[in-house]
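Novice: what's the 3D shape of this:
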Amino acid sequence: MASQATHDAQHESFRQYLPDLNTPRFQAIAENDAYGHAQELLEHHRPPWLYGLYVHWRKLFKEPFKGVTSDGTVQPNLFQLRDEGVPISAITANANAIISQLSPEQTTRTLLHIDSPEWRSWSNPEFLVSDKGIRLDEITPSLRESVFTLLKTTLSPEGYEKARAAMRINHFLGELVNAPKVMNEHSYNFVLFGVPATDRPWGFSFYGHHLCLSVFLYKTQIVVSPWFTGAEPNIIDDGPFKGTRILHEEERLGLELMQSLGPEDKHRATVYELMKDPKMPRGRWNHDDQRHLCGAYRDNRVVPYEGIIVGTLLSAQQDLVRGILFQYLLYLPPRSRELKIQDCVGRFGETYFSWIGGSGDADPFYYRIQSPVVLVEFDHHSGVFLNNAEPAKFHIHTLLRTPNAGDYGFALRNQIGPAVEQAYVWEE
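Specialist: Modelled structure (predicted):
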């Protein structure tokens, strides 16, 4: 196992990969705000590889929602309506406090129909390719604080702190590369779907660079899925938030699990030995998602099971899987998290753990845990703003999907019935 000192040395090493800010790329981003930066992509097609990916995203967006599956067929009856103890009255009151402060123009941009396809138009890059709702760095401090209050009431205390840490690390990156108008603590958009209520379905989206949360609420039940959380670097080593660090537990537990496997199991779990392996089929790696399969706009992706079955592992190894899932379900309030972990554990016999890369203490890696009711991915990335050409442990992407139409609460909404929803939507 890697020592704490080893981990610290790995994470501090990002300083040797700071970019040259005198290059045209960084001079351009320093001069632009978020809208000018997006214009570079959407109108001038720079960078070309990301514009190509964006065009592909928009094609995917036109597909009707089906959900992530393992074989193209949605398994029915996996998710039930239930009491998860969510403080829906307080959450609803906080959402209404936001609404009360919106201008007419903000209202039009921010309050969307519960059936709006814009639920699905979130993305992780810093380019503002889906400009909707209110943007936290453009609104009054009072309205911004109301959005934070809603997040704090909705998420678990530790989940809220993780989200705020991701935002602060994004600000830190903006300072490192002289792009504070594009990447800062408040460069995130907020949108409401449906009408906030204690007895009707509704939700919200909160998204920006390295933090995207899709939240569905119905009575005392919550779905936070899909979500994306990343960091480059994943630690702040200077300034008022020095010591802030995220995603290291997901990294530690995943590596501990892989290192605990015997040779046979380790071989079965390893899908590819190299992070960009020549054996990968075309499309298995792309410039933005790299090894991720279920990132932005991949709502209908077919992801076949790979690796080893968690139910065949030793009890201590299954405990490590529980620990990983606990971290990935951290955004949920405690009772909801507990119930969803029970759902996951109940399907360990059909849960797969797969791995890409090496498993030495210093090796970058990717892993996925996938079952009918959850899919989580972890990936060490090469540099986007830092200039490390190879994946490094200080640039991490993580995400969670709920397969079989569980994302965005769709599987639950199908049980609520259209009469309830249609009776309670924003008037056009």
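Novice: list the buried residues in the host helix or strand of Phe410.
Specialist: Element membership for Phe410 (DSSP states H and E) is helix 410-416. If you call a residue buried by 16 or more other C-beta atoms under 10 Å, then helix 410-416 has these buried ones: 410-413. Every C-beta, even on glycine, is put in place using the N, C-alpha and C of the backbone.
Novice: and stretch 49-64, by the same measure?
Specialist: 50-51, 53-54, 57, 61.
Novice: nearest to His209 among those residues?
Specialist: Using C-beta to C-beta, the shortest approach to His209 within the buried residues of stretch 49-64 belongs to Leu50, at 13.1 Å.
Novice: which residues does that closest one contact?
Specialist: If you count contacts by C-beta atoms under 8 Å, 6 or more residues apart in numbering, Leu50 has them with 41, 125, 127, 287-288.
Novice: buried subset of those, written for ChimeraX?
Specialist: To isolate the buried ones among the contacts of Leu50 in ChimeraX, judged by 16+ other C-beta under 10 Å, type:
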select :41,125,127,288
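Novice: out of the contacts of Leu50, who's nearest Val374?
Specialist: Taking C-beta to C-beta as the measure, Val374 lies nearest Asp288 of the contacts of Leu50, at 23.3 Å.
Novice: mind checking which helix or strand the closest one is in?
Specialist: Judged by DSSP H and E, Asp288 forms part of no helix or strand.
Novice: contacts for stretch 378-387?
Specialist: For stretch 378-387, contacts defined as C-beta under 8 Å, 6+ apart pick out 14, 17-19, 173, 176-177, 179, 230, 232-233, 250-251, 254, 275, 290-292, 357, 364-368, 388-398.
Novice: buried sites along that stretch?
Specialist: Using 16+ other C-beta under 10 Å as the test for burial, stretch 378-387 gives 378-386.
Novice: and if you look at stretch 157-167?
Specialist: Under the neighbour-count criterion of 16+ other C-beta under 10 Å, stretch 157-167 has 159-160, 162-167 buried.
Novice: which one among these gets closest to Ala34?
Specialist: Nearest member of the buried residues of stretch 157-167 to Ala34, counting by C-beta to C-beta, is Met167, at 14.6 Å.
Novice: how about that closest one, nearest residue that isn't a chain neighbour?
Specialist: Nearest non-adjacent residue to Met167, counting by C-beta to C-beta, 6 or more residues apart in numbering: Glu185, 4.9 Å away.
Novice: so how far is Arg144 from the one you found?
Specialist: Separation of Glu185 from Arg144 (C-beta to C-beta, to the nearest Å): 10 Å.
Novice: quick one on the thing from earlier: show the buried residues in the contacts of stretch 378-387.
Specialist: 14, 17, 173, 176-177, 179, 230, 232-233, 250-251, 254, 275, 290-292, 357, 364-368, 388, 391-398.
Novice: quick one: which of those sit in helices?
Specialist: Cross-referencing the buried ones among the contacts of stretch 378-387 against helices under DSSP state H gives 173, 176, 250-251, 254.
Novice: can you add pLDDT and give those back as CSV?
Specialist: As requested, those are exported to CSV (pLDDT from 0 to 100):
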residue, pLDDT
Leu173, 98
Leu176, 97
Glu250, 98
Glu251, 98
Gly254, 98
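Novice: let me know the closest of those residues to Ala93.
Specialist: Using C-beta to C-beta, those come closest to Ala93 at Glu250, 33.0 Å.
Novice: number of nearby residues for Asn96?
Specialist: Per other C-beta atoms under 10 Å, the neighbour tally for Asn96 reads 14.
Novice: typed the wrong thing, it's His210
Specialist: His210: 26 surrounding residues under other C-beta under 10 Å.
Novice: name the nearest residue to it, ignoring sequence neighbours.
Specialist: Nearest one to His210, counting by C-beta to C-beta, 6+ apart, is Gly230 at 4.0 Å.
Novice: for the one you found, give me its contacts.
Specialist: Per C-beta under 8 Å, 6+ apart, neighbours of Gly230: 124, 166, 210-211, 247, 381, 395-398.
Novice: does it have beta-bridge partners, and which?
Specialist: His397 (DSSP bridges).
Novice: ok, which stretches of the stretch 301-428 of the chain are strands?
Specialist: With strands called from DSSP state E, counting those that start in this stretch, the stretch 301-428 of the chain shows them at 308-309, 352-357, 365-370, 375-380, 396-401.
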